[in-house]
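Chemist: got a predicted model here, sequence first, then my questions.
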Amino acid sequence: MCSVSARAVRGSCGRAPLDVGGACGGVVYALMAAKSLLCTASRHVALVVASEVNSRRLARSQAPGEFRGLFGDAACALVLTRSAGADGGSINRLGDFVCGCSGTFASALEMSLGERGQLDVQFKGEQLASAAIGTLDRVLGDLEIAVGKPRSAASYFALHEPNPRVVEIFAHRSGIPAEKIAMVSRTSGNLGSATCGVSLCAALTRAQRDSDNSSAPSMPLIFVAAVGPGLVWAGTYIH
């Protein structure tokens, strides 16, 4: 069994660094790799770190201003530990994973290096938004099957957030109460590979606060879903 938290690591968790890609789904893929290592290798603690400095790449790009303005810079860290078995529900357990890819919308977002080394970006906003909404719903559907519970049973959702408007439309169409979503994009923008991690940290913090204020605390169910360019997608759940 693997547990996850947003607290700091103290001491040594071993030296087995991995650089995991996946763009906006990077945190979920990193959690998948970390859980696999904890289950198969002689490791007991894993540290998953994601960082995104979008301003460094986009400041000199030829992308439209409305594209550059969507993004922010961020970093997050999550700690996973290997547990011998269940302990009455006192820890946040990392569940199974779903993932996939499709080249259908690959042309909606294209990046290349210009003649002077700058990043040139071409994107079709409406097409990308439609693809993100449909794919996020697909991920949640797969997670419902994996966990055996409907999305209405989830306490919180840690989602990749392309922009606040897309998340609002998705929540409305999926029947998800807005208060169950971190909505970090409202104040921080699209944080790329760090978005899901930042959202998950917020969800875990809120769950801990709710537990502290409840006379009969219960473990939350958190759905995590991300969509990256290409498209690639991934999801997991915390329970």
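Modeler: Sure thing, it's come through. Numbers count the residues shown, from 1 in each chain.

Chemist: now tell me what touches the longest helix that the chain contains from outside.
Modeler: Across the chain, the longest stretch assigned as helix under DSSP state H is helix 125-147. For helix 125-147, contacts defined as C-beta atoms under 8 Å, 6 or more residues apart in numbering pick out 66-67, 95-96, 98, 102, 104-105, 108-109, 150-151, 157, 159-160, 162, 165-166, 169-170, 173-174, 221, 223, 225-227, 231, 233-237, 239. The C-beta positions use only the backbone N, C-alpha and C, and glycine is treated the same way.

Chemist: of these, select the buried ones using a ChimeraX command.
Modeler: To isolate the buried ones among these in ChimeraX, judged by 16 or more other C-beta atoms under 10 Å, type:
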select :67,95,98,105,108,109,151,157,159,160,162,166,170,221,223,225,226,227,231,233,234,235,236,237,239
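
Chemist: name the residues that touch the strand or helix carrying residue 236?
Modeler: Following DSSP states H and E, one finds residue 236 within strand 232-238. Strand 232-238 has contacts (C-beta under 8 Å, 6+ apart) with 4, 22-23, 25, 28-29, 31-32, 92-101, 135-136, 138-140, 142-143, 146-147, 154, 200, 203-204, 220-227.

Chemist: buried ones from the residues you listed, can you make that a ChimeraX selection?
Modeler: Filtering those down to the buried ones (16+ other C-beta under 10 Å) takes a single ChimeraX command:
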select :4,22,23,25,28,29,31,32,92,93,94,95,97,98,99,135,136,138,139,140,142,143,146,147,154,200,203,204,220,221,222,223,224,225,226,227
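
Chemist: select from the contacts of strand 232-238 every entry located in strands.
Modeler: 4, 94-101, 222-227 (DSSP state E).

Chemist: spell out the secondary structure type for residue 183.
Modeler: Three-state call for residue 183 (DSSP: H, G, I helix; E, B strand; the rest coil): coil.

Chemist: lovely, talk soon.
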